[in-house]
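Enquirer: pasted the sequence and its predicted model underneath.
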Amino acid sequence: MSSTLSPGLSPTAGRTATVPASRDLVVDFIRVACMFAVVAVHLLMMGISVDSSGVGVGNPLTSLSWFAQGTWFGQVMPLFFVVGGFASLTSWRSLQRKGGDAGDYLRNRVLRLVRPTVALYAFLAIALWSATAAGVPGELLAVIAAGAGVQLWFLAAYLICQAMVPTMAKLHGLAPYRTLAALAAGAVVVDVLRLGLERNPWGFDSNPIGLLNMVFVWGLLQQLGFFYADGFFDRFSRWKLIVAAAACYLVMVPLTHSGPYPVDMLTSQNPPMFPLILVGLAHVLLVKAVYPVLQRFVHVGWVQKVMFVVGSRAMTIYLWHLPLIIAMFGLALILRLPFPEPASTEWWLTRPLFYVAAWALVLLVSTPLVRLELAPTALAPGAVRPAMWRIAAGTVLAIIPPFVVMRTALDAANATWGLVLLVIAVALVTGKVPDRAWKTPRLVSSDSVAS
């Protein structure tokens, strides 16, 4: 996920003259639309009920007969990785033209993604320890903490994929189809092993094997974004794109309804499974099929303004939307506002109001926090870029906290040590100012400043 919508799209982007002709605004629109969808789904998955026994939390969507099938269209994370791949390859090629290398790229991505995450971890650690000290029941606090950290899996998965970009871009240039086939084969092999071991009589946990698909499944979807950037999908007519998307869904029917995979694509997310590749491919095919319509839409003034507001703080919004939604419901409980029965008609009718309130809160809180996301990543004058081992170590340390949350759920302890690791990660990839730069500034060349 890029941290900004565009360096060339200004806050007053109501005039197409402010948008570089080379920029694909449809990609920006897709990422912003996915953000709206993610907030909506997470809001709808929180059904709060209050009765004589206390406060209950459930997922009303699972009671809907059509929900599992609907995730074939509503599960947007595969498409997120595709458009992320498009942005990544574009950024990587631009950096190479300026003389940058893999270290420069990875350092920039770690800073963009991790600096706003540090603020979230600091808040969560303080909030969870404070709630514990205040005597909040452990079971209720565990549910709240787990809900506040659900979204963090994305940071681990995306950082893994970002670390792969320079290598996978090289492989894409040398053998694009073989690289794609190798990733697909890896995803299938991992699923076969995982699903086979689920049926073992020894109670062996197969999920660790499935975690390898964080490389193969998400990596393949990112690779599809490389094909998008190269114009591969532009070669086909609209009807061919639609037919190909329909074929993806047809293949999914036997895989899920009579095969080993779940119908619900949200349950296939962590660890990711092969059908998510088909979902992502179908989505990008449909996007390209309606591309002319979307292209006209994104040049409407108010649409570009919304794209800028949301896109320029996308990572901050993604990180904070769940804790803020939980806080919003908590405030409603304190104020003793009525809570309709989850999934009832009244509950559905009140969701738009809560959705608007959630976005108002998210935009309000993200306004001061977005500075962390938009802070420059370029080295300060006189600073030298850290060695590659420091950047690699910082990347690994940045992946560990959200990866652990993905596997075990968030709690006060891993929020605390996770914060420490994230701070160390940022420190490792931040440029160092050598002693000689202070003593003899005339020796510092502008060539030492990485873009």
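Expert: Yep, it's here.

Enquirer: ok, now how distant is R178 from V192?
Expert: Distance, R178 to V192, using C-beta to C-beta, to the nearest Å: 21 Å. Glycine gets a C-beta too; all of them are placed from N, C-alpha and C.

Enquirer: settle it for me: which of these two has more neighbours?
Expert: V192 (13 against 10; other C-beta atoms under 10 Å).

Enquirer: and the more buried one, what element?
Expert: Assigned by DSSP states H and E, V192 belongs to helix 176-198.

Enquirer: quick one: buried residues of that helix?
Expert: Using 16 or more other C-beta atoms under 10 Å as the test for burial, helix 176-198 gives T179, L180, L183, A184, G186, A187, V190, D191, R194, L195, L197.

Enquirer: for the fourth one, give me the pLDDT.
Expert: pLDDT, the model's per-residue confidence, is 97 for A184.

Enquirer: try V19
Expert: On the pLDDT scale, V19 gets 57.

Enquirer: again, but for A187
Expert: For A187, the model assigns a pLDDT of 97.

Enquirer: OK, contacts around the nearest residue to it once chain neighbours are set aside?
Expert: Excluding its sequence neighbours, the residue lying closest to A187 (C-beta to C-beta, 6 or more residues apart in numbering) is F216, at 4.0 Å. By C-beta atoms under 8 Å, 6 or more residues apart in numbering, the residues touching F216 are L183, A184, G186, A187, V190.

Enquirer: quick one: the second one from V165, how far?
Expert: When you say that, I think you mean A184. According to C-beta to C-beta, A184 stands 19 Å off from V165.

Enquirer: then the last one?
Expert: Using C-beta to C-beta, one gets 21 Å for the distance from V190 to V165.

Enquirer: OK, contacts around the spatially closest residue to G210 that is not a sequence neighbour?
Expert: Leaving aside its chain neighbours, G210 sits nearest to P271 (3.4 Å; criterion: C-beta to C-beta, 6+ apart). Residues near P271 by C-beta under 8 Å, 6+ apart: R194, N207, G210, L211, L212, N213, M214.

Enquirer: JSON lines for the buried residues of helix 176-198, including distance to G54?
Expert: Below are those laid out as JSON lines (distance: C-beta to C-beta, whole Å):
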{"residue": "T179", "distance to G54": "53"}
{"residue": "L180", "distance to G54": "51"}
{"residue": "L183", "distance to G54": "48"}
{"residue": "A184", "distance to G54": "48"}
{"residue": "G186", "distance to G54": "47"}
{"residue": "A187", "distance to G54": "43"}
{"residue": "V190", "distance to G54": "42"}
{"residue": "D191", "distance to G54": "41"}
{"residue": "R194", "distance to G54": "38"}
{"residue": "L195", "distance to G54": "39"}
{"residue": "L197", "distance to G54": "39"}
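
Enquirer: ok, of the residues you listed, which one's closest to H257?
Expert: L195 (15.6 Å; C-beta to C-beta).

Enquirer: quick one: the residue nearest to A187 from A163, how far?
Expert: Distance from F216 to A163, by C-beta to C-beta: 15 Å.

Enquirer: could you list the low-confidence segments of the stretch 301-450 of the chain?
Expert: 432-450 (pLDDT under 70).

Enquirer: tell me where it has helices.
Expert: Along the stretch 301-450 of the chain, the segments classed as helices by DSSP state H, counting those that start in this stretch run 301-311, 314-334, 345-374, 388-408, 412-429, 435-439.

Enquirer: before we move on, back to that, now the host helix or strand of the residue nearest to A187 against helix 176-198, angle please.
Expert: Assigned by DSSP H and E, F216 belongs to helix 213-229. Going by axes from the mean of the first three to the mean of the last three C-alpha atoms, to 10 degrees, helix 213-229 is angled at 150 degrees with respect to helix 176-198.

Enquirer: how far off helix 388-408 does helix 213-229 point, in degrees?
Expert: Interaxial angle, helix 213-229 versus helix 388-408 (the same axes, to 10 degrees): 110 degrees.

Enquirer: which strand or helix spans the spatially most central residue of the chain?
Expert: Nearest to the mean C-alpha position of the chain, counting by C-alpha atoms, centre = their mean, stands F154 at 4.4 Å. When elements are assigned from DSSP H and E, F154 belongs to helix 153-174.

Enquirer: buried residues, that helix. List them.
Expert: 153-166, 168-169, 171-172.

Enquirer: now do it against helix 176-198, angle only.
Expert: 140 degrees.

Enquirer: quick one: mean pLDDT over helix 153-174.
Expert: Mean pLDDT, helix 153-174: 96.

Enquirer: which strands or helices does it pack on?
Expert: Judged by 3 or more C-beta pairs under 8 Å, 6 or more residues apart in numbering; DSSP states H and E, helix 153-174 is in contact with helix 77-97, helix 102-133, helix 176-198, helix 213-229, helix 388-408.

Enquirer: following the third one, which helix or strand comes up?
Expert: This means helix 176-198. Following helix 176-198 in sequence order, the next helix or strand is helix 207-210 (DSSP H and E).

Enquirer: and what of the second one?
Expert: Scanning the chain past helix 102-133 towards its C-terminal end, the next helix or strand to appear is helix 138-148 (assignment: DSSP H and E).

Enquirer: I would like the residues contacting that following helix, please.
Expert: With C-beta under 8 Å, 6+ apart, helix 138-148 has contacts from 46, 55, 57, 124, 128, 131-132, 322-323, 326, 330, 409-412, 415.

Enquirer: filter these down to the buried ones.
Expert: 46, 57, 124, 128, 131, 322-323, 326, 409-412, 415.

Enquirer: restricting to C-alpha, output stretch 45-53 in CSV.
Expert: C-alpha atoms of stretch 45-53 as CSV (Å, rounded to 0.1, in the frame of the first residue of the first chain):
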residue,chain,number,x,y,z
MET,A,45,-18.6,-7.7,11.5
MET,A,46,-19.1,-6.1,14.9
GLY,A,47,-22.5,-7.0,16.3
ILE,A,48,-22.8,-5.5,19.8
SER,A,49,-25.7,-6.9,22.0
VAL,A,50,-26.6,-5.8,25.5
ASP,A,51,-28.9,-7.8,27.8
SER,A,52,-29.2,-8.8,31.4
SER,A,53,-26.2,-11.1,31.1
